[in-house]
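Engineer: no sequence for this one, just the structure:
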């Protein structure tokens, strides 16, 4: 029988159990996928800890790539042998899995399974943040937190490709060098520098048009001070803890700011929207304008180590588990 990482009780990394699972045959509208590469994301951590609650038990993981090995009734867009990638629903940390065909996207010949697994969830997130949450335009200025991380690197490169001015934060000289290497106009070491002061100085006191913040609690309130009047705060992650606001009027006090907390589920509501985002992502990767950095590769059975490193902020770029 194939094996998977199963969570029976939420908690620490010891909640990730490597065990045999019964996958079954695909039902109506489903495909069975043999994973070759699996992406690791912060949403996996949030689900493992219980911050994002799921019915127990569940197979962890939200992103993967592999080969279709069986198709269910009513599936016409995929055939056995096709290479596919997916970002959700949970169940990716598995050697084989069932998946709604509507959640899968075809992988182009010029994109490897590893890149697809490393990039799809983060890259489609970057797509909707830059194109739908706020239709970023050339000449606008953005602040991207955790710009050396997987999503941050894609956001930085894609925003530069659009023609924006990009300020990126990261922790430590090595990560700052990565941000600079991805084309950021200003890279800030938040461990050694006051990023609010640096942003204000760089923008001549104006502030940025948009903040993209996947860090959360540690950066949220200071980031409001980085925005221009009527600027947009996009809080899309909680790496340092969940965000809360004591009073909504803080947005008025800091310049009639806009605030959104987007999720992929709200943007990719059907197969068409998901495949639109994936197509745009794979095209920008193929063009060379966005390069996908895979920081480390581990066996699927060592998912706990991948989570530990991610939570410790030791990673830059993406982590891929090999099934």
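Structural biologist: Yep, that arrived. These numbers come from a predicted model, not from an experiment.

Engineer: the helix or strand where residue 167 lies pairs with which strands, and in what direction?
Structural biologist: According to DSSP states H and E, residue 167 maps onto strand 165-170. Sheet pairing for strand 165-170, assigned by DSSP bridges, gives strand 141-144 (parallel), strand 186-189 (parallel).

Engineer: average pLDDT across it?
Structural biologist: Taken as a whole, strand 165-170 carries a mean pLDDT of 97.

Engineer: again with stretch 253-272
Structural biologist: Averaged over stretch 253-272, pLDDT sits at 95.

Engineer: and residue 306, what does it touch?
Structural biologist: By CB atoms under 8 Å, 6 or more residues apart in numbering, the contact list for residue 306 reads 40, 296, 298, 319, 321. (C-beta placed from N, C-alpha, C; glycine too.)

Engineer: where's it relative to residue 200, distance?
Structural biologist: Per CB to CB, to the nearest Å, residue 306 is found 37 Å from residue 200.

Engineer: now swap in residue 87 and tell me
Structural biologist: In terms of CB to CB, residue 87 sits 36 Å off from residue 200.

Engineer: repeat for residue 77
Structural biologist: For residue 77, the distance to residue 200 - CB to CB - is 50 Å.

Engineer: quick one: low-confidence residue ranges for the stretch 101-250 of the chain.
Structural biologist: By pLDDT under 70, the weakly predicted segments of the stretch 101-250 of the chain are 240.

Engineer: my read: residue 39 touches residue 125, true?
Structural biologist: No: in this structure, residue 39 is not within contact of residue 125 by CB atoms under 8 Å, at 11.5 Å.

Engineer: and residue 87 and residue 200? which has more neighbours close in?
Structural biologist: A direct count of neighbours by other CB atoms under 10 Å for residue 87 and residue 200 places residue 87 higher, at 28 against 16.

Engineer: not counting sequence-adjacent ones, nearest residue to that one?
Structural biologist: Take residue 87 and drop its neighbours on the chain: the residue closest to it by CB to CB, 6 or more residues apart in numbering is residue 121, 3.9 Å away.

Engineer: and the one helix or strand the one you found maps to, what other elements does it pack with?
Structural biologist: Using DSSP H and E, residue 121 sits within helix 113-128. Under the contact criterion of 3 or more CB pairs under 8 Å, 6 or more residues apart in numbering; DSSP states H and E, helix 113-128 touches strand 30-39, strand 63-71, strand 83-87, helix 150-162, helix 264-267, helix 271-286, strand 294-299, strand 318-322.

Engineer: distance from the chain centre to it, please.
Structural biologist: Distance of helix 113-128 from its chain centroid, counting by CA atoms, centre = their mean, to the nearest Å, is 7 Å.

Engineer: could you do stretch 269-279 as well?
Structural biologist: The chain centroid and the centroid of stretch 269-279 are separated by 16 Å under CA atoms, centre = their mean.

Engineer: how far away is the spatially most central residue of the chain from residue 58?
Structural biologist: Geometric centre of the chain, nearest residue: residue 122, 2.9 Å, by CA atoms, centre = their mean. Note on residue 122: its distance to residue 58, by CB to CB, is 21 Å.

Engineer: any chance you could list what contacts the strand holding residue 167?
Structural biologist: 139-148, 152, 156, 159-160, 176, 178-179, 182-190, 195, 198-199, 202, 208, 219.

Engineer: what's the most buried one of the strands paired with strand 165-170?
Structural biologist: strand 141-144 (a mean of 28; mean count of other CB atoms under 10 Å).

Engineer: returning to what we had before: residues touching the residue nearest to the centre of the chain, list them.
Structural biologist: Counting by CB under 8 Å, 6+ apart, residue 122 has contacts 39, 41, 150, 151, 154, 318.

Engineer: what is the last one paired to in the beta sheet?
Structural biologist: Residue 318 forms beta bridges with residue 294, as assigned by DSSP bridges.

Engineer: and it, what pLDDT?
Structural biologist: 86.

Engineer: what is the burial count for it?
Structural biologist: Neighbours of residue 318 under the rule other CB under 10 Å: 28.
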